[in-house]
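Novice: Requesting a structural model of the entry that follows:
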Amino acid sequence: MKEGFSIPRKNRLWFPGAIYHTVVRGNHKDIIFKDTTDYFVYMKYLKMVCETHPFDLYSYCLMGNHIHLQIATLDDEIWKIMQKINWKYSMYFNRKYDQTGHLFQNRYYSKIMDSESLLLQTSRYIHLNPVKAGIVQNPIQYEWSSYRVFMGTMKNNLVKEDIILSYFQDSTNRNDKLDRALYREYVECEDEEIKEV
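Specialist: Presented below is the predicted three-dimensional model:
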C-alpha cells in the first residue's frame, strides 16, 4: 500500500428483505450499558430508527459490553440502519458520561441469515447469550433480551416474534401457547450445544 492511500471499505452485501445477525461491541470490550436507563435509551433509539428506516426486529439481546440484533431489512440498507442506531446511542452515552471518542469497536459485525436453520440457530444463540455468559441460569431471567416477548410474559411492539414462532406451529392448528412452548423447548434443550453463529 502506498503511503497516504487507504483501502476503501468493502460494502456489505444487502438486498431488500435481507436478514442479518448483527453484533456491536464496546471499544476495547468496554461496558456500553452502565445503568438501567442506558438499556431503555438504546431500545428507544431502536424504535426511533425503525420509524425512519423501517426494519423488522426478530430478536435481540443487550449485554453489558455488546449487543446482538437479528434484523430483517425492508427498503433501507443495513448500514444505514446500524449507523443511525449506533450514532444516536454513542452521542447519548458520551454526553451522559462525559466521554469522547469511539464508543463501539470498529464496524459492527453482520452475517446474512440465508437459511431457515441459520435463522433459528441465531435466535436461539442470541437468547442464550446471558446463560452462556453465566449471568443467569435460564434465559427468561434476563431482562434485556427478547426472550420474554417470545414466552409471552412481556410486550414489545418492535419485536416480530411471530416470524420465528411460525416455524414451531402445527400447520393444521395454530396455537400460540403451543408455539411458544415448542420454541422454549428448542432454546432450552440441554442436549443441544450452544453454537456460535
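
Novice: In terms of helices and strands, where is the spatially most central residue of the chain?
Specialist: The centroid of the chain falls nearest to residue 69 when counting by CA atoms, centre = their mean (1.3 Å). Per DSSP states H and E: residue 69 is located in strand 66-73.

Novice: helix or strand right after that strand?
Specialist: Counting by DSSP H and E, what follows strand 66-73 is helix 78-96.

Novice: Just give the number of residues close to the closest residue in space to residue 28 that isn't next to it in sequence.
Specialist: Excluding the flanking residues, the one nearest residue 28 by CB to CB, 6 or more residues apart in numbering is residue 105, at 6.9 Å. Any C-beta I mention is one placed from the backbone N, CA and C, and that applies to glycine too. For residue 105, the neighbour count with other CB atoms under 10 Å is 17.

Novice: How about the one 5 residues further on?
Specialist: For residue 110, the tally of surrounding residues (other CB under 10 Å) stands at 19.

Novice: mind listing the strands in this protein by residue range?
Specialist: 19-25, 55-62, 66-73, 109-112 (DSSP state E).

Novice: picking that back up, where does the residue nearest to the centre of the chain land on pLDDT?
Specialist: pLDDT, residue 69: 98.

Novice: shaky segments in this structure?
Specialist: Low-confidence segments of the chain (pLDDT under 70): 1-12, 14, 171-174, 191-197.

Novice: quick one, what contacts the residue nearest to residue 28?
Specialist: Residues in contact with residue 105 (CB atoms under 8 Å, 6 or more residues apart in numbering) are 25, 26, 27, 28, 29.

Novice: Give the burial count for the last one, as a bare number.
Specialist: It stands for residue 29. 11.

Novice: likewise the second one?
Specialist: As a burial measure, residue 26 scores 19 neighbours (other CB under 10 Å).

Novice: That one and residue 101 touch, don't they?
Specialist: No - when contacts are counted by CB atoms under 8 Å, residue 26 is not listed as touching residue 101 (11.8 Å).

Novice: rewinding a little: among the strands of the chain, which comes closest to residue 86?
Specialist: strand 19-25 (6.4 Å; CB to CB).

Novice: For the closest residue to residue 103 other than its chain neighbours, list the residues it contacts.
Specialist: Excluding the flanking residues, the one nearest residue 103 by CB to CB, 6+ apart is residue 90, at 4.3 Å. Contacts were defined as CB under 8 Å, 6+ apart; by that measure residue 90 touches 102, 103, 104.

Novice: ok now do residue 131, which residues does it touch?
Specialist: 137, 138, 139, 142, 194.

Novice: List the contacts of residue 72.
Specialist: 17, 18, 19, 20, 55, 56, 57, 58, 160, 163.

Novice: what about the second one, neighbour count?
Specialist: Just to be clear, that refers to residue 18. For residue 18, using other CB under 10 Å, the count is 18.

Novice: could you check the distance from it over to residue 113?
Specialist: The gap separating residue 18 from residue 113 is 8 Å, by CB to CB, to the nearest Å.

Novice: residue ranges of the helices in the protein, please?
Specialist: Assigned by DSSP state H, the helices in the chain fall at 36-52, 78-96, 116-132, 147-150, 161-165, 176-188.
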